[in-house]
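>>> Quick one: sequence plus predicted model below, questions after.
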Amino acid sequence: MRNVKTGWRRGCLLLGTGVLLAVGITACGSSGGSNTLVLYNGQHTETTDALVSAFEHKTGIEVSVRTNDEDVLADQIVQEGANSPADLIFTENSPALEYLQGKNLLAPVDASTLSMVSSKDNSPDGDWVGVSARVSVLVYNTTMLRPSQLPTSVLALAQPQWKGELAIAPSETDFQPIVSAVAKAYGEQAALKWLEGIKTNGLSHEYADNETITSSVNSGQAEIGIINQYYWYRLRAESGSAAMHSAIAFFTPRDPGYVEDISGAAILKSTHHLRQAQEFLAFIVSKQGQEIIAQADSFEYPLFPGVAAADGQPPLASLQPYPITVAELGDGSFPVSLMTKVGLVT
């Protein structure tokens, strides 16, 4: 299991000299010419590859993609500072972008680009733009549990009945917004108590990522888990409906376990290709870019009005997640500090 860095801060130091050197070499080399955009990609590769291919075809601007975990990339940008070879960063979740914004490393996004997305899904300071959304849900094994047996609140997953049956991925950045939401709803002490229960119940099925949670529950190794909805749709697309022995379910509307997460993109202040980078952001939030997201195998929610999500998912506008803003989700340091206190991450 990958260790979580507190608010993205200690990553490069913890990586060790050898790994840091390897990452630096990978990132700093350029496969294109001087006019090639360099994109640090923390998103799923299929989504990014489809967007980049269409953008290159439309504009003739080349994009060199360097993929890693979003927290690793954010730490790398901090270490590189003004010398970063990256022009842009694309992440799965907003805290990495908020962290870089707090370090004053991001350039303002064109107002016309920000206007294509609801203001609630953008940087409060205008330094990154929301690109797509996902929502946290329960995944459960349909041969082991009936819908009537499912908890309606995320708090219930800390109860003794789920000991040894709960699959979790606490080091996955997708889990942090849920911790933040629980703390906002019930206070820090209640969140710590809840995390203690989650740690106890999930000890037998603690994984590195949501993909493993989904496959573990589907195969019956665990009864239930918390994931973002699109991981289940991705597994069904890969495995076929006949191989699915699981389903997803929403918590009660506005429960803190029911969180909408925003994937976003930003331009580094140090870029030497500001015009082209702004063009890339404008493209990925345009109707064409958002339709690519809707048709891709990532099964994320596009944010452009009128572009529907793939595979018959409930419309984004119909969802009723817990009311927490990207500013309240912050840079990820607070939920990581709580998980560290209870020993859920190191």
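That came in fine, so what should we check first? Numbering: from 1, shown residues only.
>>> per-domain residue ranges of this structure.
As given by automatic domain parsing, the domain ranges for the chain are 6-132+262-314, 134-259+336-341.
>>> does Ile213 belong to a helix or a strand, and which?
In the assignment (DSSP states H and E), Ile213 maps to helix 210-219.
>>> Count the neighbours of Asp297 for me.
15 (other Cβ atoms under 10 Å). Using the backbone N, CA and C atoms, a C-beta is placed for each residue, glycine as well.
>>> Thought Glu46 was touching it, still the case?
Yes: counting by Cβ atoms under 8 Å, Asp297 does reach Glu46; the two are 5.0 Å apart.
>>> can you pull out the strands in the stretch 1-150 of the chain?
Counting by DSSP state E, counting those that start in this stretch, the stretch 1-150 of the chain has strands at residues 37-41, 63-67, 88-91, 106-107, 129-141.
>>> returning to what we had before: skip ahead from the helix holding Ile213 and say which helix or strand is next.
Past helix 210-219, the next helix or strand by DSSP H and E is strand 224-228.
>>> partner strands of that next one, parallel or antiparallel?
Strand pairing for strand 224-228, determined by DSSP bridges: strand 129-141 (antiparallel), strand 166-167 (parallel).
>>> Nearest to Leu114, out of those?
strand 129-141 (5.8 Å; Cβ to Cβ).
>>> List the buried residues in the closest one.
129-141 (16 or more other Cβ atoms under 10 Å).
>>> Going by distance to Asp255, which of the residues you listed wins?
Ser136 (9.7 Å).
>>> nearest residue to the closest one other than its sequence neighbours?
Val259 (4.8 Å; Cβ to Cβ, 6 or more residues apart in numbering).
>>> and if you look at Glu165?
Glu223 (4.0 Å).
>>> do Ala294 as well
Nearest to Ala294 is Pro302, by Cβ to Cβ, 6+ apart, at 4.8 Å.
>>> And that neighbour, its phi and psi?
Backbone torsions for Pro302, taken as degrees, to the nearest 10, come to phi -70, psi 150.
>>> Which strand residues bridge it?
In beta-bridge terms (that is, DSSP bridges), Pro302 pairs with Ser132.
>>> Would you quantify the distance from it to Asn228?
Between Pro302 and Asn228 the distance is 15 Å, computed by Cβ to Cβ, to the nearest Å.
>>> how about the strands in the stretch 201-346 of the chain?
Going by DSSP E, counting those that start in this stretch, the stretch 201-346 of the chain shows strands at 224-228, 246-249, 260-268, 301-302.
>>> now the ones you listed as JSON lines including mean neighbour count?
Output for those, formatted as JSON lines (neighbours: other Cβ atoms under 10 Å):
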{"stretch": "strand 224-228", "mean neighbour count": "26"}
{"stretch": "strand 246-249", "mean neighbour count": "20"}
{"stretch": "strand 260-268", "mean neighbour count": "26"}
{"stretch": "strand 301-302", "mean neighbour count": "26"}
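>>> Lovely, talk soon.
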